[in-house]
Every structure is written in structure tokens, then in C-alpha cells.
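A.B. asks: pasting the structure only:
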């Protein structure tokens with residue numbers, strides 16, 4: 001069995017102060033980690049306290065450090081090994097839903113749903129499955145997704161909303177959250193085809209629950225929907241987040257093969273440069289099949305390439321004057 005080497009804890013303000021004091025006064029070597037209040041190297045592990053209040057402990061000595069330092073001196077309670085007692089609902093049969101690509105200019109939005117029960121939760125925990133945003137390497141995320149798919153078998157679902165469909169939906173709905181709710185509902189319905197007796201669906205909080213309920217079809221009307229902040233701490237949601245990220249990365253790779261260039265993530269300067277290169281090679285219409293065109297990035301690169309601002313009609317297609325020089 002592979003020993004778990006990464007743990008995440010949410011600390012309140014008092015606990016954060018206690019951890020900062022511990023790392024500043026103890027035998028720890030300071031580290032520089034982006035977006036942290038403090039980070040340090042301990043005995044066979046690294047400890048990072050992020051501005052969000054999340055404490056990440058990683059390394060082969062993580063478990064021992066948590067047991068003998070974090071729990072008695074910061075948390076004031078024993079948590080390690082007691083996850084089932086502290087949050088028994090997390091082990092009960094349910095599905096988690098999460099997405100990837102929502103904030104990326106290029107590529108699709110991918111929504112994944114993953115089913116777990118008590119046995120699967122323990123197996124995922126032993127695999128160190130966690131929120132994909134805490135996995136810094138795309139390769140590691142894809143490897144973890146492969147292991148999750150092998151473990152779950154058919155008990156997961158992916159919904160990929162490609163740029164063409166995304167632009168059409170946005171032109172109709174005019175709301176990213178409405179598209180997201182529609183995608184969540186489709187993922188729930190698709191997974192219920194495989195696990196029809198799943199009683200509950202959990203996702204991160206992104207909008208009113210009734211948005212998803214309205215989008216559900218007959219099969220999903222009886223499932224209990226739950227949204228909460230930081231839902232990625234749930235093992236089903238964490239697994240879904242990794243599956244969604246891997247699906248998004250695969251779609252970007254295939255898009256790059258189609259256009260003969262590397263398609264970058266996000267909405268950075270590199271993304272704008274790649275968009276301009278695409279436009280020069282294939283014309284401005286290429287954005288409709290490669291990018292989410294409601295992003296301001298679309299207008300910026302069109303202007304940079306000598307075209308007017310993009311305008312989408314109700315069918316998600318560019319209007320006749322959208323690309324006039």
C-alpha cells in the first residue's frame with residue numbers, strides 16, 4: 001500500500017496564528033511559496049499556510065509531523081485517521097461534481113461526476129486523491145485521473161462542452177453559471193444511468209441550487225442536490241475535479257494537434273499570442289471553434305489583429321459584421 005504523503009487542513013484565525021508562531025520559533029527553514037502567509041521546511045516534510053487559511057503538509061514525514069506537532073499545538077484535536085468519525089456522511093454513497101476549463105480562453109469546459117461509497121472513499125484516500133488545483137503538475141494530474149478511472153470503472157461521467165457548443169449556449173443563456181448548471185445536470189443524469197440508486201449529488205457552491213434542479217431531467221429529479229463552499233475536500237468531488245482536469249488537458253492537446261501548435265491554458269499573454277497566431281493562419285472565425293468568445297480576450301486579440309469586436313448572434317454564430325476590418 002502506498003503511504004499517503006500529502007494532507008490539507010482548513011485553519012481558523014486562531015489556528016493560523018498558532019501555526020505561524022510554531023514555524024517561526026521552531027527548528028524550521030523558511031521557504032518561499034506563492035500565495036502563502038508562511039511556508040517552511042520541517043523534518044521530512046514541507047508546511048505551507050495559504051492566505052485562504054488552507055494548510056498543506058507534504059512529504060514522507062507529513063503524517064508524523066501532523067501527529068506530534070500540528071494536532072497538539074495547532075488544531076487542539078486529533079483528526080488524522082478519524083476522518084470517518086468526524087464526517088461520516090462523506091463515506092456514504094453519493095456523487096461529486098466538479099469542472100475544469102471554465103476560466104480558460106481556449107478549449108472546452110469539462111464537467112465530471114464521480115460516484116463513491118465507503119470502500120471507494122478509503123481507496124481514493126489511500127491514492128492521495130485531492131483537489132486538482134493542489135496538483136501542480138499536469139502529468140501527475142493525468143496519471144491520477146488514469147488511476148481513478150481504473151478504480152471507479154463505469155462509475156463516473158464526463159460532459160465536455162466544446163467551444164462551438166459553449167458559444168452557442170452562452171449566446172442563448174448569457175450566463176456562465178447557467179451553462180455550468182446545465183453541464184452539472186447532464187453529468188448527474190449520465191452518472192445516474194450507471195448508478196441509478198445514488199441518493200445524493202455534491203458540488204462546489206457556484207449559484208442557486210434551483211438552477212441545476214431546473215436543468216435536471218426525469219431521472220435526476222429525485223436526487224438530493226447539495227452545494228457547499230470548498231466541496232473539493234469531499235473525496236467524490238476531489239475525484240471529479242481530477243477527472244475534469246484530465247479531460248480538459250486531453251482536449252487542449254487534441255486541439256493543438258489539429259492546428260499544429262501548442263494551445264496554452266488560462267488567459268495570459270501567451271494565450272493572446274497563440275490566439276493571434278491562430279487568427280493569422282485560419283482567419284478570425286477560428287475563435288468560434290477554439291475559444292470561449294465572451295471572454296474579453298477575444299475582443300483584445302481581434303483588435304490586435306486588425307478586426308472589429310466580436311458579436312455573436314442568438315445561434316452562437318458571429319454576425320455578418322463581426323470580423324470586418
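C.D. replies: That came through fine. Worth saying up front: this structure is predicted, and the values here are computed from it rather than measured.

A.B. asks: Please make it C-alpha for all contacts and neighbour counts, starting now.
C.D. replies: Fine.

A.B. asks: what ranges do the strands span in the stretch 51-200 of the chain?
C.D. replies: 54-58, 94-100, 109-116, 156-161, 200-204 (DSSP state E, counting those that start in this stretch).

A.B. asks: Export the ones you listed as TSV, with columns for distance to residue 33, mean pLDDT and mean neighbour count.
C.D. replies: Shown next, in TSV, are those (distance: least, CA to CA, whole Å; pLDDT from 0 to 100; neighbours: other CA atoms under 10 Å):
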stretch	distance to residue 33	mean pLDDT	mean neighbour count
strand 54-58	11	94	21
strand 94-100	24	97	28
strand 109-116	29	98	29
strand 156-161	33	98	23
strand 200-204	26	93	22
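
A.B. asks: So which of those strands is nearest residue 193?
C.D. replies: Evaluated over those, closeness to residue 193 peaks at strand 156-161, with 9.6 Å, by CA to CA.

A.B. asks: What pairs with that closest one, parallel or antiparallel?
C.D. replies: strand 109-116 (antiparallel) (DSSP bridges).

A.B. asks: Switch the strands of the stretch 51-200 of the chain over to TSV; also include distance to residue 211.
C.D. replies: Formatted as TSV, the strands of the stretch 51-200 of the chain follow (distance: least, CA to CA, whole Å):
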stretch	distance to residue 211
strand 54-58	29
strand 94-100	15
strand 109-116	16
strand 156-161	17
strand 200-204	13
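
A.B. asks: for the ones you listed, which one sits closest to residue 273?
C.D. replies: Once the strands of the stretch 51-200 of the chain are compared by CA to CA, strand 109-116 is nearest, at 21.2 Å.

A.B. asks: can you give me the angle that closest one makes with strand 94-100?
C.D. replies: Here strand 109-116 runs at 160 degrees with respect to strand 94-100, directions being taken by axes from the mean of the first three to the mean of the last three CA atoms, to 10 degrees.

A.B. asks: in this protein, what spans have low per-residue confidence?
C.D. replies: 1-3, 77-88, 208, 217-219, 308-325 (pLDDT under 70).

A.B. asks: what's the domain layout of it?
C.D. replies: For the chain, the structural domains run 6-81, 91-253, going by automatic domain parsing.

A.B. asks: now, of those, which is deepest in the fold?
C.D. replies: Among the domains of the chain, ranked by average contacts under mean count of other CA atoms under 10 Å, first place goes to domain 91-253 (a mean of 20).

A.B. asks: Please identify which helix or strand holds the spatially most central residue of the chain.
C.D. replies: The residue lying closest to the centre of the chain (CA atoms, centre = their mean) is residue 241, at 4.3 Å. Element membership for residue 241 (DSSP states H and E) is helix 235-259.

A.B. asks: can you give me the offset of stretch 51-66 from its chain's centre?
C.D. replies: 21 Å (CA atoms, centre = their mean, to the nearest Å).

A.B. asks: Quick one: end-to-end distance for it.
C.D. replies: In stretch 51-66, first residue to last residue: 20 Å (CA to CA, to the nearest Å).

A.B. asks: which other residues reach it?
C.D. replies: 4-13, 16, 35-37, 43-50, 80 (CA atoms under 8 Å, 6 or more residues apart in numbering).

A.B. asks: redo that, cut-off 6 Å
C.D. replies: For stretch 51-66, contacts defined as CA atoms under 6 Å, 6 or more residues apart in numbering pick out 5-11, 36-37, 44-49.

A.B. asks: Now the residue nearest to the centre of the chain: closest residue in space, sequence neighbours ignored.
C.D. replies: The shortest distance from residue 241 to any non-neighbouring residue, by CA to CA, 6 or more residues apart in numbering, is to residue 98 (5.0 Å).

A.B. asks: what's the spacing between that neighbour and residue 270?
C.D. replies: Relative to residue 270, and taking CA to CA, residue 98 is found at 26 Å.

A.B. asks: quick revisit: between the strands of the stretch 51-200 of the chain, which gets nearest to residue 212?
C.D. replies: Here strand 200-204 is closest among these (CA to CA), at 10.6 Å.
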